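Undergrad: got a sequence here, can you model it:
(chains A and B)
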Amino acid sequence: MRIATWNVNSIKARLPNVTAWLAEAAPDVVLLQELKCETAAMPADAFRDMGYEVHAVGQKTYNGVAILSKRPVTDLVTRLDGEPEDEQARYVEGTIDGIRVASLYLPNGNPLGTEKYPYKLRWMDRLKARAASLLDSGVPFVLGGDYNVIPQPEDCYDPEAWSTDALFRYETRAKFRELLNLGLTEAYRALHPAARHAYTFWDYQAGAWPRDLGIRIDHFLLSPAAADRLLACDIDRGPRGQEKASDHTPVLLDLMD
DNA sequence: ATGGTTGTTGGACAA
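TA: Next comes the predicted model:
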């Protein structure tokens, strides 16, 4: 099974880029983030025409996640437990061929000193609780998406400059490690321990892309049973260099069938 | 040190 994750920064603005890339990369499952549209406004027909089921969880203007799948998706979950008043569209999860697969958009958390950062940390606690529950269930699972977390200094171009940012500060990385220490495998780093400049996001500003000033924030976290089936995990920088690109580029995961 | 960009939206806000 081939699974892709991609923060598209508006599915409407990115539709030609996304459909062209899907035709070439041919993933069985696609995890999208930052749809920036309401659920009903998701351009689902474009993906159905390519053989995908479409399961979007959207809202106006901000956030929004989706799972596209060539095989049936069952038992959909569309939010994380723990904060019933939270209406941000950041999580969707379903079962595909016996694997629980989630598309998540973890809060950015900037600027520090506002409610945004505590919200990010609480959201990470809620995700950890969900992962613990899935581990208890024994089902293999893959949590993919935009984590808005730079795990290690080698995952950004200038660790010193990022040291006080919500994506990299110590407390954020510690929470991410808590998640990993449940027993999850971060697929890209597990397969490419020495990789440098393996970025998934480059800011639109200040020539970040041509200068390769990026960060690695889009990840796949795998349960032990899913990690046993890990074949490959790679970043495709191609889409970031195209016209009208998202500021993120897709990451691909291959699991043994 | 500031400003630099893109998307949604029709002035900021988010990233």
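
Undergrad: where does chain A come near DNA strand B, residue by residue?
TA: Residues of chain A lying close to DNA strand B by C-beta under 7 Å from any atom of the strand are A:9-10, A:12-14, A:36-37, A:60-63, A:107-108, A:110, A:116, A:203-206, A:244. For the C-beta atoms, the positions are set from N, CA and C on the backbone; glycine is no exception.

Undergrad: if you set the cut-off to 6 Å instead, what comes out?
TA: Chain A has residues A:9-10, A:12-13, A:36, A:60-62, A:108, A:204-206, A:244 near DNA strand B, with proximity defined as C-beta under 6 Å from any atom of the strand.

Undergrad: separation between A:His219 and A:Leu135?
TA: 17 Å (C-beta to C-beta, to the nearest Å).

Undergrad: coming back round to it: which of the residues of chain A next to DNA strand B are buried?
TA: A:Asn9, A:Lys36, A:Asn108 (16 or more other C-beta atoms under 10 Å).

Undergrad: and of the residues you listed, the nearest to A:Arg240?
TA: A:Asn9 (11.2 Å; C-beta to C-beta).

Undergrad: surely the closest one forms part of a helix?
TA: No. With DSSP: H, G, I helix; E, B strand; the rest coil as the criterion, A:Asn9 is assigned coil and is not in a helix.

Undergrad: distance of the nearest residue in space to A:Gly138 that is not next to it in sequence relative to DNA strand B?
TA: Among residues not flanking A:Gly138 along the chain, A:Ala225 sits closest, at 7.7 Å (C-beta to C-beta, 6 or more residues apart in numbering). Separation of A:Ala225 from DNA strand B (C-beta to the nearest atom of the strand, to the nearest Å): 32 Å.

Undergrad: helix, strand, or coil at A:Ala225?
TA: Here A:Ala225 is recorded as helix under three-state DSSP.

Undergrad: can you redo the buried ones among the residues of chain A next to DNA strand B as CSV with distance to A:Phe141 and pLDDT?
TA: Below are those laid out as CSV (distance: C-beta to C-beta, whole Å; pLDDT from 0 to 100):
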residue, distance to A:Phe141, pLDDT
A:Asn9, 26, 98
A:Lys36, 27, 98
A:Asn108, 24, 98
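
Undergrad: verify the stated contact: the residue nearest to A:Gly138 with A:Leu135.
TA: No. Using C-beta atoms under 8 Å, A:Ala225 is not in contact with A:Leu135; the gap is 9.6 Å.

Undergrad: got a list of contacts for stretch A:103-112?
TA: A:5, A:7, A:31-34, A:63-67, A:88-93, A:116-117, A:119-121, A:123-124, A:127, A:143-149, A:164-167, A:169, A:172 (C-beta atoms under 8 Å, 6 or more residues apart in numbering).

Undergrad: need the next SSE after the host helix or strand of A:Glu160, C-terminal direction.
TA: Using DSSP states H and E, A:Glu160 falls within helix A:159-162. Helices and strands here follow DSSP H and E; after helix A:159-162, the next one along the chain is helix A:170-180.

Undergrad: list the contacts of that next one.
TA: A:109, A:120-121, A:124-125, A:127-128, A:131, A:147, A:149-152, A:166, A:186, A:221.

Undergrad: can you pick the most crowded of those residues?
TA: Among the contacts of helix A:170-180, A:Tyr147 has the most neighbours (other C-beta atoms under 10 Å), with 28 neighbours.

Undergrad: A:Asn181: how many residues sit nearby?
TA: A:Asn181, neighbours per other C-beta under 10 Å, totals 9.

Undergrad: repeat that for the one 4 residues further on.
TA: Counted with other C-beta under 10 Å, residues neighbouring A:Thr185 total 19.

Undergrad: so what's it closest to, chain neighbours aside?
TA: Closest to A:Thr185 by C-beta to C-beta, 6+ apart is A:Ala227, at 3.9 Å.

Undergrad: how about the contacts made by that neighbour?
TA: Per C-beta under 8 Å, 6+ apart, neighbours of A:Ala227: A:Leu184, A:Thr185, A:Ala187, A:Ala190.
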